[in-house]
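[1] Predicted structure and sequence below. I'll ask about it afterward.
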Amino acid sequence: MRAERLFARQRSKYRHATTDSRHGGSIAPNRLPGFRVRRPNQVWVTDATGVLTGQGWLYLVAVLDLCSRRVVGWAMSPILDAPLTIAALRMALRQRQPGRTLIVHSDRGSQFASAAYRTVLAEHGLLASMSRAGNCYDNAFIESFWSSLKYELVYHHRFATQAEARTAIFDYIETFYNRTRLHSSLAYTSPISFESQLNN
């Protein structure tokens, strides 16, 4: 089964909070209700998660295109802070070069509410959007990606080092998830294949 990238679901062994909404940062409105996504680079969703290794927690921030479900930006670090969220966003901006008024949706975590992060959004004409407090369903698409990552990769490994985890996560995102993994919501195509079809 593993050779075919098919995995049995396993229970999560660890729960590690990555969102702290108790801060004085700026809170954006939720711009997603009623918004219909018709093409890539209209809405990106972003979030952070933690992966436990033998050297402690490794944090991953991902940016997902809501239309194609493609991970367009990501960054990893042993420290979860605003620079990590900015690194993932800058990767997405370099790769996609979106037009202005793109919506970037996140939870209310302090990293996403920070002045530094909001400055990068403003510099590129991007519109911040945030979930309601304590409501994970407002960011369900990136939560679904985290579930896939953990059930299909993380829960099947015990990473001795953070370098080992970084390599495995890179391979999962860039080799498997974006290029190969099929999505029922994309007519059973991969994110990259779906985008290619839209461009033809």
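    Looks like it came in fine. Residues are numbered from 1 along each chain as shown.

[2] Pretty sure residue 172 sits against residue 156.
    No - taking CB atoms under 8 Å as the definition, residue 172 is not a contact partner of residue 156, at 10.8 Å. For the C-beta atoms, the positions are set from N, CA and C on the backbone; glycine is no exception.

[3] the more surrounded of the two?
    The neighbour comparison of residue 172 against residue 156 (other CB atoms under 10 Å) goes to residue 172, with 19 against 13.

[4] Just list the residues touching the closest residue to that one other than its chain neighbours, thanks.
    Of all residues not flanking residue 172 in the chain, residue 153 sits nearest, at 4.9 Å (CB to CB, 6 or more residues apart in numbering). Counting by CB atoms under 8 Å, 6 or more residues apart in numbering, residue 153 touches 168-169, 172.

[5] closest to residue 117 among the residues you listed?
    Using CB to CB, residue 169 is the member of the contacts of residue 153 that lies nearest residue 117, at 21.9 Å.

[6] Find me the pLDDT at the closest one, would you?
    We note a pLDDT of 99 for residue 169 in this prediction.

[7] mind listing what it touches?
    Going by CB under 8 Å, 6+ apart, the list of residues near residue 169 reads 51, 60, 76, 149, 153.

[8] Likewise for residue 187?
    residue 194.

[9] Show me the helices in this protein, by range?
    Here the chain has its helices, by DSSP state H, at 82-96, 110-113, 115-123, 140-152, 162-171, 191-199.

[10] tell me the most buried of the ones you listed?
    Ranked by mean neighbour count under mean count of other CB atoms under 10 Å, these are led by helix 110-113, which reaches a mean of 24.

[11] What's the mean pLDDT across that helix?
    Averaging pLDDT along helix 110-113 gives 95.

[12] how about the nearest residue to the most centrally placed residue in the chain, chain neighbours excluded?
    Centroid-nearest residue in the chain: residue 62, 2.8 Å away (criterion: CA atoms, centre = their mean). Nearest residue to residue 62 in three dimensions, chain neighbours excluded: residue 74, at 4.7 Å (CB to CB, 6+ apart).

[13] Who are the contact partners of that neighbour?
    Residue 74 makes contacts with 60-63, 88, 91, 173, as judged by CB under 8 Å, 6+ apart.

[14] So which of the residues you listed are in strands?
    60-63 (DSSP state E).

[15] Residue 178 and residue 192 touch, don't they?
    Yes - between residue 178 and residue 192 a contact is recorded at 5.4 Å, counting by CB under 8 Å.

[16] okay if I get the helices of the chain as CSV plus distance to residue 183?
    Output for those, formatted as CSV (distance: least, CB to CB, whole Å):
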stretch, distance to residue 183
helix 82-96, 19
helix 110-113, 25
helix 115-123, 27
helix 140-152, 10
helix 162-171, 19
helix 191-199, 7
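
[17] Residue 44 is nearest to which of those helices?
    Once the helices of the chain are compared by CB to CB, helix 82-96 is nearest, at 6.4 Å.
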